[in-house]
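[1] from the sequence below, what's the structure:
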Amino acid sequence: MYMIGYLLQAIAAMLSMVINIAIFAIVARAVLSFVSPDPSNPIVKLIYQITDPMLRPFHRWIPPFYGVDWTPMVLLLILYFIDIFAVQTISRFALAFL
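    Residues are numbered from 1 along each chain as shown. Below is the predicted model:
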């Protein structure tokens, strides 16, 4: 039974890592929107390629408000909620098997 606990702990750790990478990419994109970098820069392209699929569904429902795009903030709040709720729930559930 302890193997299931370790598996669940590994899943929780990987999910947390993926969420943290997504949060970092979204924050980087928000910072880039203030400095308007060269769009042909490979790092800028990578950040946009990572964040565009995550932000696109929210652009349909959340229009810009006074010229400010609020979709990154909404996505950050959702990711923080998933990180706290889902990751902690999986981690606590894993402890039952250890």
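[2] can you tell me the element the most centrally placed residue in the chain falls in?
    Centroid check for the chain by CA atoms, centre = their mean gives residue 22 as the closest residue, at 3.3 Å. According to DSSP states H and E, residue 22 maps onto helix 2-35.
[3] quick one: buried residues of that helix?
    Across helix 2-35, burial judged by 16 or more other CB atoms under 10 Å covers 5, 8-9, 12, 15-16, 19, 22, 25-26, 28-29, 32. Placement of C-beta: from N, CA and C, glycine included.
[4] over to stretch 77-95?
    79, 83, 87, 90-91, 94.
[5] mind putting those residues in a markdown table, distance to residue 40 and pLDDT included?
    Putting these into a markdown table (distance: CB to CB, whole Å; pLDDT from 0 to 100) gives the following:
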| residue | distance to residue 40 | pLDDT |
| --- | --- | --- |
| 79 | 28 | 96 |
| 83 | 33 | 93 |
| 87 | 37 | 94 |
| 90 | 41 | 95 |
| 91 | 42 | 93 |
| 94 | 45 | 93 |
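[6] out of the residues you listed, the closest to residue 50 would be?
    Residue 50 has its nearest neighbour among the buried residues of stretch 77-95 in residue 79, at 13.0 Å by CB to CB.
[7] in this structure that closest one contacts residue 24, no?
    No - counting by CB atoms under 8 Å, residue 79 does not reach residue 24; the two are 10.5 Å apart.
[8] doesn't residue 91 make contact with residue 9?
    Yes - using CB under 8 Å, residue 9 is in contact with residue 91, at 6.4 Å.
[9] quick one: neighbours of residue 47, just the number.
    20 (other CB atoms under 10 Å).
[10] what sits against the residue lying closest to residue 54 once chain neighbours are set aside?
    Once flanking residues are discounted, residue 54 sits nearest to residue 75: 6.0 Å by CB to CB, 6 or more residues apart in numbering. Going by CB atoms under 8 Å, 6 or more residues apart in numbering, residue 75 touches 26, 54-55, 58.
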